[in-house]
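**Q** Provided below are the primary sequence and the corresponding predicted coordinates.
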Amino acid sequence: MADFTLDPAFVATSHKVADLPLSEVRLQDDARYPWLVLIPRRPGLREIEDLGAADRIQLMEEIILAGAAVRALGATLDLAVEKLNVGALGNVTAQLHVHVVGRRADDPAWPGPVWGHGPAVAYSPEARAKAIAAAGVALRV
């Protein structure tokens, strides 16, 4: 993992939560949705198929764990999660990453996708700290 470099787009739009065995976990800086991003710490990845078999299995385990963390941070922020959305789009930022987003019927984009639905609403420093702490506990880090 020594050659891994995080795309600067993630630094601009998210905050580090933790490192899991494969992925860096980041809180997407949009307080409208409980939202984590997993970025596998392997150089040059664009697609899930670029991962070896063991890393693909690990990524799936980390997605499941991130889902629990999204539910925990949603509960902490009074944004109860009714449905988890998981996506590896990469159309804007090519580096392999997986979004795990908590959705609910009263969220601003429901039932459509969260991407491109108005400008992000940044977390206040206090809410961000609470969200990161709740996610970290659920991730067991």
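**A** Everything's here; your move.
**Q** how about the strands of this structure, start to end?
**A** Ranges of strands in the chain, per DSSP state E, are 14-19, 23-28, 35-40, 83-87, 98-103.
**Q** Counting neighbours, which bits of the second one end up buried?
**A** Neighbour counts using 16 or more other Cβ atoms under 10 Å place Ser23, Glu24, Val25, Arg26, Leu27, Gln28 of strand 23-28 among the buried residues. Quick note: C-beta positions are derived from backbone N, CA and C, even for glycine.
**Q** returning to what we had before: let me have the strands of the chain in a markdown table, adding mean pLDDT and distance to Gly52 as columns.
**A** Output for the strands of the chain, formatted as a markdown table (pLDDT from 0 to 100; distance: least, Cβ to Cβ, whole Å):
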| stretch | mean pLDDT | distance to Gly52 |
| --- | --- | --- |
| strand 14-19 | 98 | 19 |
| strand 23-28 | 98 | 14 |
| strand 35-40 | 98 | 11 |
| strand 83-87 | 98 | 20 |
| strand 98-103 | 98 | 16 |
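**Q** Let me have those strands in JSON lines, extended by distance to Leu139.
**A** Listed next are the strands of the chain as JSON lines, based on distance: least, Cβ to Cβ, whole Å:
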{"stretch": "strand 14-19", "distance to Leu139": "5"}
{"stretch": "strand 23-28", "distance to Leu139": "6"}
{"stretch": "strand 35-40", "distance to Leu139": "9"}
{"stretch": "strand 83-87", "distance to Leu139": "15"}
{"stretch": "strand 98-103", "distance to Leu139": "11"}
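**Q** No further questions, thank you.
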